[in-house]
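> sequence and predicted structure are below.
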Amino acid sequence: MTDRSFPRGLRRTHGEVAGLVYLAICAVLLVWALVVTVGDDSGESMAGVIPLLATAPASLVFLVLPDGPVWFVAAVAVGAEVNAAAIGWCSRALRRSDRPDPES
């Protein structure tokens, strides 16, 4: 059994703050879109476009899955996870590049 906690694993995967903030923003956008869509009687709500664009390009790949609310949530969740991992990787790479070069 590993001694790593879930929050520590999230920080390691998604960077210290930037990736986790991005995931939180995507979660808020997804909940907002679902609430607005359920509350719309006309069936013409375009609120779902906002979380899809916030999690693009990965969410657009999963958008070709069968139509339905479960697949929409899955596309946004996978897109947010992929993008948060990329943000974490970039933040770690930038932190490593800030270190002074010991050979110079």
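Structure's in. What do you need?

> report how many residues lie close to Val64.
Neighbourhood size, Val64 [other C-beta atoms under 10 Å]: 8. Just so you know, the C-beta spots here come from the backbone N, C-alpha and C atoms, and that holds for glycine as well.

> my bad, Ala33
When neighbours are counted by other C-beta under 10 Å, Ala33 registers 22.

> distance of it from Ser45?
Ala33 sits 8 Å away from Ser45, going by C-beta to C-beta, to the nearest Å.

> just give the nearest non-adjacent residue to the residue nearest the centre of the chain, would you?
The residue lying closest to the centre of the chain (C-alpha atoms, centre = their mean) is Ala80, at 1.9 Å. Once flanking residues are discounted, Ala80 sits nearest to Cys26: 3.9 Å by C-beta to C-beta, 6 or more residues apart in numbering.

> what strand or helix carries the one you found?
In this assignment (DSSP states H and E), Cys26 forms part of helix 18-39.

> tell me the contacts of His81?
No, residue 81 isn't His; it's Glu. By C-beta atoms under 8 Å, 6 or more residues apart in numbering, the contact set of Glu81 is Leu23.

> show me how far stretch 57-67 is from its chain's centre.
14 Å (C-alpha atoms, centre = their mean, to the nearest Å).

> let's test this: mean pLDDT of it, rounded?
For stretch 57-67, the mean pLDDT works out to 82.

> confidence-wise, which helix or strand of this protein is lowest on average?
When each helix and strand of the chain is scored by mean pLDDT, DSSP states H and E, helix 6-14 comes last, with a mean of 59.

> on that earlier part again, can you tell me how far the residue nearest to Ala80 is from Val17?
Counting by C-beta to C-beta, the gap from Cys26 to Val17 is 15 Å.

> ok, Asn83 next?
Following C-beta to C-beta, the distance that separates Asn83 from Val17 is 15 Å.

> the more surrounded of these two?
Asn83 (21 against 12).

> helix or strand: which one has the more buried one?
If you go by DSSP H and E, Asn83 is part of helix 69-97.

> so which bits of that helix are buried?
Within helix 69-97, the residues scored as buried using 16 or more other C-beta atoms under 10 Å are 72, 75-84, 87-88, 91.
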